[in-house]
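K.L.:
sequence and predicted structure below; questions after.
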Amino acid sequence: MTDADAPLLQVKHLFVKFFTRRGTVHAVRDVSFDIARGETLGLVGESGSGKSVTAQALMGLIDLPGRITGGDVRWHGQSLLEGDGSLLRRVRGQEIAMVFQDPMTSLNPLFTVGTQIGEVLRRHRKMTRAAARTRVIELLDLVGLSNPGQRVDQYPHELSGGMRQRVLIAMALACEPQLLIADEPTTALDVTIQAQILELIADLQQRLGLAVLMITHDLGVVAGLCDRVAVMYSGKIVELATADDLFHRPAHPYSAGLLRSTPRLDVVIPRLVSIEGSPPDLVSPPVGCAFAERCHLATEECRESMPGLHFQDDGRKVACWRPFEAEGPAPVTAGEGGR
Amino acid sequence: MSEADTLVRLDGVTVTFDVGRDGFWGRHPKQLRAVDDVSFTIGRGETLGLVGESGSGKSTIGRALLRRTPVASGTITFDGQDITHVRGEPLRRLRRHMQLVFQDPYASLNPRMTVAELVSEPLRVHGMADSVEGARPVVSALLERCGLPADAADRYPHAFSGGQRQRVGIARALALEPAFIVADEPVSALDVSIRAQVVNLLQDLQRERNLTYLFIAHDLSVVRHISHRIAILYCGKLVELGPTADIYDRTKHPYTTALLSSVPIPDPPLQRSRTRIVLAGEVPNPVDPPPGCRFQTRCPMAEARCREQAPPLEEKAPGHWAACWLS
Amino acid sequence: MGRYLLKRLPQGMVVIFGVTVFVFIVTRVVGDPVKFMLPLSATAEQRAAQRHVMGLDRPILAQFWSFLGDVIHLDFGTSTYVRGKAALSVVFDYLPRTLQLVAAGMVLAVVLSIPLGLLASRKPGGALDRALTSLSLVGLSMPQFFLGSVLVIAFTVKLQWFQTGVGPLHRHLVLPAVCLALPAVGRLAMLVRSSMIDELNSQYVKVLKAKGMPARRILAVHALRNAGIPYVTLLGWEIIRALAGFTVVVESVFAWPGIGFMAKQAIAQQDFYLIQAIVFVVAVMVVVLNILIDVSYKLLDPRVTLR
Amino acid sequence: HAAAPATTPGTTASAAASGAAITVALGSEPTSLDPHTVDDGGERAINDNIYETLLTRDADGKLQPGLATALPTQVDPTTWRFTLRDGVTFHDGTTFTADAVVATVNRMIRLIQEKKTDNDGFYSTLASAKKVDDLTVDIVTTKPDGVLPARAYWLKIVAPGSETKDDLSDAPNGTGPYTFTSRETGVNIVLTANPTYWGGAPSISKVTYEFVSEAGTRLAGLKSGKYDLITNLAPNNVKEAPAYQAKQAQEHPILILNADGGITADPNVRKALNLAVDKQALIDGVYSGFATIDEGQLLSPSIVGYNDTIKAYPYDPEQAKQLIKAAGAEGKTITLVGESSGRWLNDKDLLETIAGYWQEIGLTVDLQTPEFGKYLDVLFDRNQRADAIFVSSSNDLLDPDRQLSTYYQAGGIGSSNSNKDLAALIDQGRQELNADARAKVYQDAVKMAYDQAYFVWLVSNQDVYGTSTRLVFTPRVDSKLLVKDMSVKA
Amino acid sequence: MSYQHPDQYSAGRAEAEHAEETEEARSGRPFEIEAATHGGPFRELVRDKLGMTALVVLVVLVLAAILAPWLAPSDPNKIGPRIRMRPPVWHGGTWSHPLGTDWQGYDVLSRLLYGARTSLFIGTVVVLVAGTAGVLYGLYAGYRGGRADRWLMGWVDVQVSFPGLLLAMLLIALVGGSVLSVTAILAVNGWMVFARLTRGVVLAAKERPYVEAAEIVGCTPRRVVFTHILPNLITPLATLSVLEFARIILAEAALSYLGLGIQYPGVSWGLDVARAQDHELFGNQWLILYPGILLSITVLSANLLSSWMRVALDPQEREKRFAGRAIRGGAAAEPGT
Ligand SMILES: Nc1ncnc2c1ncn2[C@@H]1O[C@H](COP(=O)(O)OP(=O)(O)OP(=O)(O)O)[C@@H](O)[C@H]1O
Ligand SMILES: Nc1ncnc2c1ncn2[C@@H]1O[C@H](COP(=O)(O)OP(=O)(O)OP(=O)(O)O)[C@@H](O)[C@H]1O
Ligand SMILES: [Mg+2]
Ligand SMILES: [Mg+2]
């Protein structure tokens, strides 16, 4: 009884809190977004802004001391959070798959990668051991591991970080999911390996028609891969726009600052522009705009009341009292300069 | 660059680590050549960027320079003096002139010490101040210079954000007024929005104090921004060395080319249209490197010769060195 | 593996040799078995004569060399307490009962500790967890001899369900095995609990959940196997502890004639041939067990290479 | 009042069940079953049923014929003639003749020469044995030996051919009422009745001995019905046992006082130490009534040389205090050495109590209870005699010589005096063959020691046995556990 | 966060000690504002009722042990031939023997008090001696590293494999059991854990960037060890010491129980259990139970205290506990959207 018109995934007013000794961490505060079939949504933001928590909340993976305290996640229009959790159990690993940030600890060290990929197939596809093994080898080949016939029987510690990340991707793809959530799949990897993995994801997405939620703090990664981008800042989405719009003309001062402070390989500027200060503590987030303290445009209004995430003329959504006023990215002066 | 302008010189430096043994009875000790026959110089007031993938030996070079890791062969010269085998008290005195800024701003500050204690410690151990109180004026000046609030001195490191801690680390390194600083990935652990603060600080300090940096990083964008010259390391070997602009615009080594093309550019149309050279396979294991050129297993252009003989590092253009048969 | 053995075997030898020499030194320098062999009324001359027969009047170094020569042939001399029997064969007479006791105790410890630990780890901090944790703490805090006394008073003196001494196992082995097991149950259950909690909080479990694996499989196959590694080590230690000392207490309390019981007699009687043999056998068992623990590590954890 | 009921209700004659099996719990396991090499309680308890001796004693200690048909006669001062019982066979079928006696004596002499026995003290006077005819044998001593009949009561007769064997432990072969059946080291030894026993087949057909060192464990086993007989029942636990038997034994705990030095060199101090101890309180407190006062001598009334004119020093703390004061010993420290392993019944309690009494008369007591080995060092140290050493002396042969020469005679292991007269008397007693004269000599010796207060004589505890209600058993003065004299009620 | 308040200065320091672990555990995410107002370890202790009880029990025991000569109604070895087996007060006894007397007329309370003295004394001294020796050994091995470390720790491995209790029994049988000999022997047997722990911490600390930073700045090895490495030891050492204290008390009691430990005139709970068991297994079993229970309570308290310390001194554990409490306490019932 799936709702054919509904987007693939809808996140509505999601709240996640962590109950710690020093207070309640408001990790995700009123986050809403959709992902359409086959779409790639980028989720960027600095460390601690709530990207991973959001992703895990979608999969019902928030453990103590965390709690989803509000909002809903709908998969084909049906709530994943309400009810007895049977939908969530069915969907996990089968329709939505996830790749985590840290490939080094994401695999059980005591089982071969073959076993660990195979058990997904055996559970969701009810495959026999032998059939699963054949399929695992195919999958390993698909993600570009050399010598897959031999790799199936290797243990995680015998693989490098890049290989493990591929194994995790193979595992995620095993049941041909409709949505892949990739939580910084390349942060722990070297640039050349990162390029391989990104290439792989882009390729698979095209071939399998996957929707992808790509979480990263590297704007370059987003630029190459995503249709739309959501920028998170201290637990909130501050801007949600198409990639081209965002990079071309960021509406939120934080998005703008982020772009301006990122050194580019192709551009030489005499001096980097930085955002002074640091993000607020999520135990007691400010009443007003969380970015106000670091924002040179901030007014009294910014500090006192929180702007909502509103549609702009060009169809993007921004949470700011003074959108588009910040300077965009530094002008591109190609070639050499500075040093 | 004239001899007098050279502050640091490495000549054929090789660093090895013993990593276990092979064979049933373990008769064959396994050696990992983390750094293999590396030579370069750094001039006074210059920043040399050192780039390479994880495990390529960047930190090891930095540590060898600081005499933290014994060198298997080769010589290290600092300010005209051979320091390859300096130890004990002379080494301790040498520390005044060369310092390190760490990658991890969280782990590199003793959490049990206040910022004042931390920053004054170098002064105290070198007899330049007799107590924390005695060092206060110097500490305050340093902290202010590094952009820390005035009340920072009496707080503990955990009360600071990552960027602030890195500033504390820099202040501490500067306390002895060294001539040379090894900055081992000083901004990798920091968020993009904060990264720029620290990079700017380092640059400003260099200008003010004529500091010399060995700037280790794997983020090529940052390296490009801060370095005068860049050295590219692959699996313990120097593969390319030259002025920043040359490295980026007149690349002489296929690995550098691949590396540059792998770095994503935050500009969607540009990034989508770029031709990327995606390397196949993984970095070889330095315990058991491939014969010939170490890059040959992944090199899209590798030839028979590459598989047999390692290319020497040659000056392909003035001041621009590369180790490749094909350039 | 070979290199591992190359390292461990000599180390084991050092242990065995060290223990043996240590016992030799303390017994020969400080002790005198002749005192015990002859009746109180024996004269000094008679004692001296006996000492001469036993070679105890030779220079200590000479004694040491001939002792070493004998030890290499596993000849620990003739027990002075169990007359006329080779010390080692006396040990082997008593050893099976100790092994029986330790085996029963450890099986019991395993059978109890795993479910208890698992139950406690289900809801960390919950009522059941707190109850079981406290119980474990009480169990491991009770001195074994006192626990034994309490068991004897309750089940032998009052209820008369079980008996001390040797006899049919169901009446005689139960109490000492329980007594030997209980502190181990406490320690092992706490370990199961804490390592299960750690495992269940680990990243790979999160991945397993994201893969849609059923909770039962995550618990029973993935987490339990990982928790098994420290468990086996601790269990090995428990066995070593038992063999290397605690059976003395338990066997004494329950009059269970194993080598611990014998060791107490031998010490009281200064039968240092027998002590020597007991300590030797115990040291060998400890060394072998240590190696077995390492090997089982290797079997359980593919990451481990024995070096 | 100390005398405990000799029998518990219900043990009087009711029909004995024949063919019954009983289980006996002993405190210690025999370290060997060789009847000649070792000397320990466990060995005796079992071998007394397998082997026999030329003479025996009745339950009260009087010498009786055994394998000999009568008490020996003296051929000359060093030769004793025994007439042997006819029709006796060993368990392996060998006939018992004079050859067996000769073999036994020769074996013992050889074992002594080769230092392979603990029993040399008992038989050091044996010179040889001569077969006169099949049923007559002469035993020759090196010098006149009045103790020989007692020795003959102790020496277990082994089969001919055994004299060349060093160890008979694995195949016990005697003439006794029980034959060795099996042994499981550390667990038990099983004997079965000898159907062809010359004295008639015993009524109990099978005895299993178990070895239980803890008194509590023995009692628990008795209560649960596992055991029919346990040894060394703790006196304070008698009420717990289904039934019990007590018998005055030969165990005499004493404190050896150093008469040659220290504060105990003063005879008045030694007397005071005796006067300070309330023996009746010891009997009640430490032995729960199962003991009798030792009347100032190491000997039981049943033994030759017992001097009934001597009475124990009374409990008189006031006089003791005065004596101490007069001797100038007030506040001085006296060392009292015992041992800690509990080798003797309630020894630690006894010592702690005595220390308490001595403290009350104005002395400081340094009570030391080291490990048995350390304790022996103190006991054996002839040069540095401790002020007071606790020892418990057991009179196995029921003859005074061994006790007196060990503890009374100067130079004896347990003596702390250098009284030459006393030493001479004891030497004289050993060689005196006339029974009455011998008794007189010993009585004099005992008196001399009493007057000098060389010891603190305490109380002599009783053997207390716990039994099941079905076992009929009368304890013996020599503490032997003869199963042939026991029976089981039907 | 501010540390201006003088009282909170030390609390802040204690917090700081653990900050690093937290952050490491959180993969380097800032854990900036750990407010001193949220309470340090002692706040946690007050919350942890069991831990608090354990601490109180131990304090009471220590006081009782120290004050035994004044608290005890009589000399524990004073014989009372005329006052055997007096019942405790609540069974009609007198206040001169509150817990009654045993079969020797010894005052039970006095023996318990003096037994506490022995246990706690031996436990403390052995932990101090073995701890100091082990820490120095481990520091040396760990900081020197290399061959010295291999040999030194090799010896530790060897000695750990010795059947300790057996050898202790043997030694005590030979040299005699007294507080001194038992202490010495247990100390000789007990230093290895400390050495291992110390070495482990030192090795780990040596790898810490801030230790490397200190060395690079030019600190002398001495300063590095004592200023930068040693403080890392405080927390694990404190926990281990309490655990070892419990273990030593058990070992002493076991030895004394076997008759190979403390002997008259020493007083020990283990010895008294054995005495009473020999004598009163069938009668007044309370004489066995008193010292046994007291011993168990002491060891239990020490174990509870150490497990509290582990939790209280480890911010991660503290966090876990808090989470459990918060969720149970309904903190989650906050309004959502
Ligand atoms: N288990 C937890 N306990 C307490 N707080 C937590 C926990 N997990 C996350 N948080 C808090 O939630 C907030 C969001 O964390 P999240 O992991 O989502 O950040 P992120 O955006 O993924 O950052 P990064 O780029 O470093 O991965 C942070 O402030 C973090 O401190
Ligand atoms: N102490 C050591 N013992 C053994 N091997 C070492 C040691 N230190 C470094 N290595 C090895 O030497 C090689 C180079 O290490 P190094 O730390 O210099 O790399 P890096 O380029 O700094 O990498 P990263 O970017 O991850 O910091 C690696 O293979 C590493 O495993
Ligand atoms: Mg994250
Ligand atoms: Mg590095």
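P.N.:
That came through, no problem. Ligands and ions are numbered 1, 2, ... in the order given.

K.L.:
need the strands for the stretch 101-250 of chain B, in chain order.
P.N.:
Assigned by DSSP state E, counting those that start in this stretch, the stretch 101-250 of chain B shows strands spanning B:180-184, B:212-217, B:229-234, B:237-243.

K.L.:
for D:Trp198, give me its contacts.
P.N.:
Contacts for D:Trp198 were tallied using CB atoms under 8 Å, 6 or more residues apart in numbering or on different chains; they are D:85, D:87-89, D:175. Every C-beta, even on glycine, is put in place using the N, C-alpha and C of the backbone.

K.L.:
next, count neighbours for the residue in the stretch 101-250 of chain D that chain A sits nearest to.
P.N.:
Closest to chain A within the stretch 101-250 of chain D is D:Gly186: 44.0 Å, counting by CB to the nearest CB. Here the count is done by other CB atoms under 10 Å in any protein chain shown, and D:Gly186 has 21 residues near it.

K.L.:
verify the contact between it and C:Met262 for me.
P.N.:
Yes - between D:Gly186 and C:Met262 there is a contact at 7.4 Å, judged by CB atoms under 8 Å.

K.L.:
quick one: residues contacting C:Phe246.
P.N.:
So C:Phe246 contacts C:144, C:180, C:260, E:165 (CB under 8 Å, 6+ apart).

K.L.:
6 Å instead?
P.N.:
By CB atoms under 6 Å, 6 or more residues apart in numbering or on different chains, the contact list for C:Phe246 reads C:Gln144.

K.L.:
ditto for D:Gln384
P.N.:
Contacts of D:Gln384 (CB under 6 Å, 6+ apart): none.

K.L.:
repeat that for A:Pro185.
P.N.:
Per CB under 6 Å, 6+ apart, neighbours of A:Pro185: A:99, A:165, A:197.

K.L.:
same thing but 10 Å
P.N.:
A:98-103, A:165-166, A:168-169, A:172, A:194, A:197-198, A:200-201, A:214-216, A:221 (CB atoms under 10 Å, 6 or more residues apart in numbering or on different chains).

K.L.:
so which of these reach ligand 1?
P.N.:
Filtering these for neighbours of ligand 1 using CB under 6 Å from any ligand atom leaves an empty set.

K.L.:
need the residues touching each of D:Gly186 and C:Met262.
P.N.:
Listed contacts common to D:Gly186 and C:Met262 are C:82, C:90, C:93-94, C:97; contacts here mean CB under 10 Å, 6+ apart.

K.L.:
report the central residue of chain C.
P.N.:
Geometric centre of chain C, nearest residue: C:Leu243, 1.8 Å, by CA atoms, centre = their mean.

K.L.:
can I assume that residue sits in a helix?
P.N.:
Yes - counting by DSSP: H, G, I helix; E, B strand; the rest coil, C:Leu243 is located in a helix.

K.L.:
quick check: it touching C:Glu251?
P.N.:
No - C:Leu243 is beyond contact range of C:Glu251, at 11.4 Å (criterion: CB atoms under 10 Å).

K.L.:
between these two, which contacts overlap?
P.N.:
C:98, C:101, C:258-260.

K.L.:
and those, which is closest to ligand 1?
P.N.:
C:Leu101 (46.3 Å; CB to the nearest ligand atom).

K.L.:
quick one: that closest one is in a helix?
P.N.:
Yes - with three-state DSSP as the criterion, C:Leu101 is part of a helix.

K.L.:
just the strands in the stretch 101-250 of chain A please.
P.N.:
So, for the stretch 101-250 of chain A - with DSSP E, counting those that start in this stretch - the strands run A:179-183, A:211-216, A:228-233, A:236-242.

K.L.:
the third one pairs with which strands?
P.N.:
Yep, that's strand A:228-233 we're talking about. strand A:40-45 (parallel), strand A:236-242 (antiparallel) (DSSP bridges).

K.L.:
I'd like the average pLDDT over stretch E:292-308.
P.N.:
Across stretch E:292-308, pLDDT averages out at 91.

K.L.:
ditto for stretch D:297-309
P.N.:
Across stretch D:297-309, the per-residue pLDDT values average to 87.

K.L.:
where does the prediction get shaky in the chain?
P.N.:
You didn't pick a chain, so chain A it is. A:1-5, A:326-339 (pLDDT under 70).

K.L.:
meant chain C, my bad for not saying
P.N.:
C:1, C:39-41, C:306-307.

K.L.:
how does it divide into domains?
P.N.:
For chain C, the structural domains run C:2-72, C:87-300, going by automatic domain parsing.

K.L.:
is any residue of the longest one near ligand 1?
P.N.:
No - shown here: domain C:87-300 not in contact with ligand 1 (CB under 6 Å from any ligand atom), separated by at least 9.1 Å.

K.L.:
show the end-to-end separation of stretch B:15-31, please.
P.N.:
Terminal residues of stretch B:15-31 lie 10 Å apart, using CA to CA, to the nearest Å.

K.L.:
I should have written stretch D:319-339 there, sorry.
P.N.:
Stretch D:319-339 end-to-end distance (CA to CA) = 30 Å.

K.L.:
before we move on, the earlier item: which ones among the contacts of A:Pro185 lie within helices?
P.N.:
A:165-166, A:168-169, A:172, A:194, A:197-198, A:200-201, A:221 (DSSP state H).

K.L.:
tell me the contacts of residue 49?
P.N.:
Going with chain A. Applying CB under 10 Å, 6+ apart, we find A:Ser49 in contact with A:27-28, A:43, A:217, A:231-238, A:254, A:279, A:282, A:290, B:191.

K.L.:
that was the other one, I meant chain C.
P.N.:
C:34, C:38, C:42-43, C:57, D:115, D:120.
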